[in-house]
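Enquirer: would you be able to build a 3D model of this:
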Amino acid sequence: MAEPRFTPLGKFLSILLVGGLIGLGAYMLVRDRAPEPSPAGEGAAASGDTAAPEVSEVQVEVPKLSPPAAVQITDNTIPVEISEYAGYAGLIAANGGLEPNENSIFFKQYGFKVKLTVSEGENWSALNEGKLAASVTTADVLAVYGPQFHVVVPAQIGFSRGADGLVVRSDIKRINALKGKVIATAQFTEVDFFIRYLAQEAGLGVSAIGSVDAAPNPDRINLIYTEDGFSAGSLFLSDLKSGKNRIAGAVTWEPKMSEVVEQSGGKAHLLTTNKNLLIVADVLVVHKGFAEQQPKIVAGLVHGLLEGNRMVRDTPDAYLDVVGRAFKWSRAETKEELASVHLSNLPENLAFFSGEIDEAGSFEGIYQSAVYAYGSLIKNPVDAQRFVDVKHLQALDKQGLFKGQKIAIAPIRTAATGTLENDPLLSRDIRFLFEPNSSTLDLANQDNLRDLEAIKKLLQVSPGSTLLLRGHVDNALVAKFREQGGEAYVRTQALRAMELSKNRAAEIRRLLVERHNLAPARIDIVGRGWDEPAAAESERNRRVEVQWFTIE
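Expert: Numbering: from 1, shown residues only. Below you'll find the predicted structure:
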């Protein structure tokens with residue numbers, strides 16, 4: 001049978017048809033594989049940003065660390081790990097950089113070299129295993145890991161003064177307003193502790209949820225976690241830009257804090273930082289077995305740290321290059337980062353560990369606050385003194401090597417700001433036990449004594465902060481007064497109630513001044529009578545409300 005033949009026109013049409021079918025198939029394949037475009041304003045992609053960070057799984061218990069092993073030293077060099085943070089500038093200055101060298105203070109005065117390694121991981125297992133001789137962390141982390149953390153703390157490095165903070169939506173003015181809302185942070189880090197501490201002082205509970213879409217607990221601050229504090233800020237910013245407003249804020253660190261505020265288009269503001277809330281304290285941690293076997297080396301690490309801190313405190317510009325090279329920062333960036341830390345000297349160290357420092361948080365105070373803040377997540381809390389080893393600090397003090405240094409922590413005030421913000425950072429009802437119609441506090445009641453101590457600590461951890469004590473009385477007899485003498489009698493009793501409530505606040509101020517040596521100028525009082533009942537129960541209204549105003 002003869003093969004069919006195509007005319008030239010037929011061949012052309014056939015080729016055109018086949019080509020069209022191939023093109024259509026390719027188009028459909030690409031269309032199916034391509035992501036659907038987001039509507040305008042929906043998510044980070046619409047704004048040109050990268051995808052939002054993922055939410056991490058909530059850890060229901062503290063991670064397990066490796067068991068301890070001996071530290072092996074090679075080439076007379078001590079391995080010490082730090083992170084990218086200006087608070088470690090003193091160690092870098094004392095060492096002359098990151099690399100071991102014979103011109104360092106450690107070698108010249110103590111005969112050993114130090115290798116500083118920058119890492120953003122929390123390599124506590126490596127420290128336990130002896131792969132590191134020492135590292136750096138914050139005081140709250142020690143409370144989290146407790147007895148499994150095989151370290152001692154021979155020195156404080158310094159306080160963060162504005163490197164960490166809480167960024168929230170612009171409509172949120174105080175910590176109390178976060179009740180029922182969602183905050184992004186990073187679990188078991190200083191930023192997790194920061195928000196837990198603030199919640200605790202506001203009398204609010206904390207819940208951890210596994211997703212931004214999970215139903216929040218209406219009576220608590222709800223936390224979602226990301227890989228680190230930087231990612232927490234990015235997640236909050238992405239949610240703001242999407243317009244979904246599922247996240248009320250983030251606890252993060254610089255430069256992410258400023259970035260979120262700047263890129264939010266006025267939708268976010270900085271509620272508070274640790275510029276004047278000194279509960280993020282950096283400490284040197286040394287492998288416990290190593291510290292016991294090599295006390296002279298630990299003495300050298302402590303001395304070198306404090307000498308490096310002195311050098312940077314006295315002449316910071318002289319060390320901008322060496323610190324900047326370590327972290328790949330410019331001189332301007334290094335100078336700006338150094339402004340966010342307070343490098344501790346010897347008397348500040350001694351006061352920090354003894355608890356006698358009135359201008360900032362103490363080691364034990366911060367440690368115990370972390371135990372309370374994490375609650376049941378810390379299964380077997382241990383005493384703070386388990387970690388403290390101040391003999392090297394005491395030896396330096398006895399030798400008089402840092403004679404003339406003084407405690408120099410003071411409030412940092414930004415330009416054109418007064419002592420108080422327009423709103424308190426937080427408010428909290430403290431129900432001191434007053435007898436009916438009395439302003440005398442029962443000092444045999446242990447709860448009353450603990451509450452006085454708690455108020456004192458608010459002022460200690462925030463230099464320059466002030467308190468407003470708002471006294472209240474029971475309103476249960478108002479109806480009875482009305483029956484007895486009408487509105488005129490109610491007004492008379494209301495004036496007496498106002499005076500009683502003011503006297504109750506004054507009694508708390510007197511005790512804080514006389515028993516805890518607090519400055520009267522930092523404590524204001526006001527009586528509110530029965531105008532602001534907290535509950536129907538009479539006892540709950542015989543109270544003093546504490547409002548805490550911080551400087552930013």
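
Enquirer: surely residue 549 meets residue 464?
Expert: No: Residue 549 lies out of contact with residue 464 (Cβ atoms under 8 Å); the separation is 9.5 Å. C-beta: built from backbone N, CA, C; applies to glycine.

Enquirer: tell me how far residue 506 lies from residue 471.
Expert: Noted for residue 506: a distance of 8 Å to residue 471, by Cβ to Cβ, to the nearest Å.

Enquirer: what touches both of these two?
Expert: residue 525 (Cβ atoms under 8 Å, 6 or more residues apart in numbering).

Enquirer: which residues touch stretch 89-101?
Expert: Taking Cβ under 8 Å, 6+ apart as the rule, stretch 89-101 contacts 75, 77, 80, 82, 103-107, 113-118, 136, 157-158, 304-312, 319, 322-323, 325-326, 338, 341, 343.

Enquirer: shaky segments in this protein?
Expert: Residues of the chain that meet the criterion pLDDT under 70 lie in 1-50, 358, 414-422, 475-477, 479, 490, 534-542, 552.

Enquirer: with just CA atoms, put the longest strand seen in it into PDB.
Expert: Taking DSSP state E as the criterion, the chain has its longest strand at strand 151-160. Extracted in PDB, the C-alpha atoms of strand 151-160 (Å, rounded to 0.1, in the frame of the first residue of the first chain):
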ATOM      1  CA  VAL A 151      31.400  24.300  85.900                       C
ATOM      2  CA  VAL A 152      32.300  27.000  88.400                       C
ATOM      3  CA  VAL A 153      31.900  30.700  88.000                       C
ATOM      4  CA  PRO A 154      35.100  32.600  89.100                       C
ATOM      5  CA  ALA A 155      34.200  36.000  87.800                       C
ATOM      6  CA  GLN A 156      31.500  38.300  86.400                       C
ATOM      7  CA  ILE A 157      32.300  39.700  82.900                       C
ATOM      8  CA  GLY A 158      29.700  42.500  82.800                       C
ATOM      9  CA  PHE A 159      26.100  43.500  82.400                       C
ATOM     10  CA  SER A 160      24.300  43.900  79.100                       C
END
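
Enquirer: what helices or strands is that strand leaning on?
Expert: helix 89-95, helix 139-145, strand 281-287, helix 288-293, helix 295-314, strand 341-343, helix 346-354, helix 391-399 (3 or more Cβ pairs under 8 Å, 6 or more residues apart in numbering; DSSP states H and E).

Enquirer: check which residues of the longest one are buried.
Expert: This points to helix 295-314. 297-313 (16 or more other Cβ atoms under 10 Å).

Enquirer: try the fourth one
Expert: Taking 16+ other Cβ under 10 Å as the basis for neighbour counts, the residues of helix 288-293 that come out buried are 288, 289, 290, 291.

Enquirer: mind giving me the packing neighbours of it?
Expert: Using 3+ Cβ pairs under 8 Å, 6+ apart, helix 288-293 sits against strand 151-160, helix 295-314.

Enquirer: repeat that for 10 Å
Expert: Counting by 3 or more Cβ pairs under 10 Å, 6 or more residues apart in numbering; DSSP states H and E, the packing neighbours recorded for helix 288-293 are helix 124-128, strand 151-160, strand 281-287, helix 295-314.
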